[in-house]
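Engineer: Okay, structure incoming, though there's no sequence with it:
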DNA sequence: ACAACTAACTTAGCCTGACTAATATTCCGG
DNA sequence: CCGGAATATTAGTCAGGCTAAGTTAGTTGT
């Protein structure tokens, strides 16, 4: 295994393609989409405003509006207003939304945990060591 | 760093979400989409049939039909017929398609290679060691 | 030999999720 | 108090995925 960035780039590229494919499959058939799950996660610690959510998910405001509309229709979030500024709409979890969030989180983690359990302790250690490096990619 | 699959699952989940986001951004603004690039790559070593392409990309046939239609409209691939079986349509790269494939490949690898260059040799080694493990995930 | 089945594609219609442009509403500074 | 900035929403477009239905071409069984 030579320290050749170009060769490594090809391998990383291939593995990431595989993982993206995986993530999509994992999502399929679940009660909410992965985007919706992410948004619910952002609301876990209290109400947020639309602009915050859009920025946090690196999405334009209209896209977030549509997402929140769907979540609101599904009864998982509720819109409110900021008493200090009538322009801002706040979004918060409903009880049902919180329940759903926790249920999906449990299911997802259980699945991934199961796959990690199938690895050897050494493999898990290797993976754990590489995570900070992977996280660094793209921050340049 | 304890060997706790559940905790590791949370971290892996977070890192993957970040990387997926990255991959999408990397794609934006390029002359072809990442799906189209993948399909062109499948054609690199000769003509393929529609069903093969659909299976290889884990997509339904109609979806592949639409993709190939777009690539054909763009002049990057050409449809042909199998002389042995008139039901099958073959797809192959045009000269322009091959040029585009190579150009995009160069650009993509250059970008990722650049990011990997910014890492230390130790970080690259850590990453290289973890790739086989990541590739194993989801094969269960 | 020919009817029935299977295989390979395409077409049509629908959904999610992203974008930009245009609009309404509200806030704030001079 | 008026003009510009900020916050959201609506409308329209596009990519990319799906299923269902239709077409055309081989294959099989009697």
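Structural biologist: The structure has been received and is ready for your questions. In this text, all values refer to a predicted model and were calculated from it rather than measured experimentally.
Engineer: who touches residue A:134 in this structure?
Structural biologist: For residue A:134, the contact set (CB atoms under 8 Å, 6 or more residues apart in numbering or on different chains) comprises B:15, B:18-19, B:127, B:130. Just so you know, the C-beta spots here come from the backbone N, C-alpha and C atoms, and that holds for glycine as well.
Engineer: try residue A:9
Structural biologist: By CB under 8 Å, 6+ apart, residue A:9 lies in contact with B:109, B:112-113, B:116.
Engineer: related to what we said a few turns ago, now go through the contacts of residue A:134 and say which are in helices.
Structural biologist: Counting by DSSP state H, the part of the contacts of residue A:134 found in helices is B:15, B:18-19, B:127, B:130.
Engineer: in chain A, which helix or strand is least confident?
Structural biologist: Here the helix or strand of chain A ranked lowest by mean pLDDT, DSSP states H and E is helix A:5-27, holding a mean of 75.
Engineer: Which parts of chain A are strands?
Structural biologist: Ranges of strands in chain A, per DSSP state E, are A:48-49, A:77-82, A:85-93.
Engineer: residues touching the spatially most central residue of chain A, list them.
Structural biologist: For chain A, residue A:38 is the residue whose C-alpha lies nearest the centre (CA atoms, centre = their mean; 4.0 Å). By CB under 8 Å, 6+ apart, the contact list for residue A:38 reads A:57, B:17.
Engineer: and the gap between it and DNA strand C?
Structural biologist: In this view, residue A:38 and DNA strand C are 9 Å apart by CB to the nearest atom of the strand, to the nearest Å.
Engineer: what's the answer for residue A:74, then?
Structural biologist: 10 Å.
Engineer: give me the number of residues near that residue?
Structural biologist: 15 (other CB atoms under 10 Å in any protein chain shown).
Engineer: ditto for residue A:68
Structural biologist: Neighbour tally, residue A:68, other CB under 10 Å: 22.
Engineer: pLDDT at it, what is it?
Structural biologist: Looking at residue A:68, its pLDDT stands at 97.
Engineer: In space, what's closest to it - neighbours in sequence excluded?
Structural biologist: Counting by CB to CB, 6 or more residues apart in numbering or on different chains, residue A:68 lies nearest to residue A:91, which is 5.6 Å off, once chain neighbours are set aside.
Engineer: before we move on, back to that, if we take the contacts of residue A:134, which one ends up nearest to residue A:82?
Structural biologist: residue B:18 (29.9 Å; CB to CB).
Engineer: hang on, isn't that closest one packed against residue A:135?
Structural biologist: Yes. Counting by CB atoms under 8 Å, residue A:135 is a contact partner of residue B:18 at 6.2 Å.
Engineer: JSON lines please, covering the strands of chain A and showing distance to DNA strand C and mean neighbour count.
Structural biologist: Shown next, in JSON lines, are the strands of chain A (distance: least, CB to the nearest atom of the strand, whole Å; neighbours: other CB atoms under 10 Å in any protein chain shown):
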{"stretch": "strand A:48-49", "distance to DNA strand C": "13", "mean neighbour count": "16"}
{"stretch": "strand A:77-82", "distance to DNA strand C": "8", "mean neighbour count": "16"}
{"stretch": "strand A:85-93", "distance to DNA strand C": "3", "mean neighbour count": "14"}
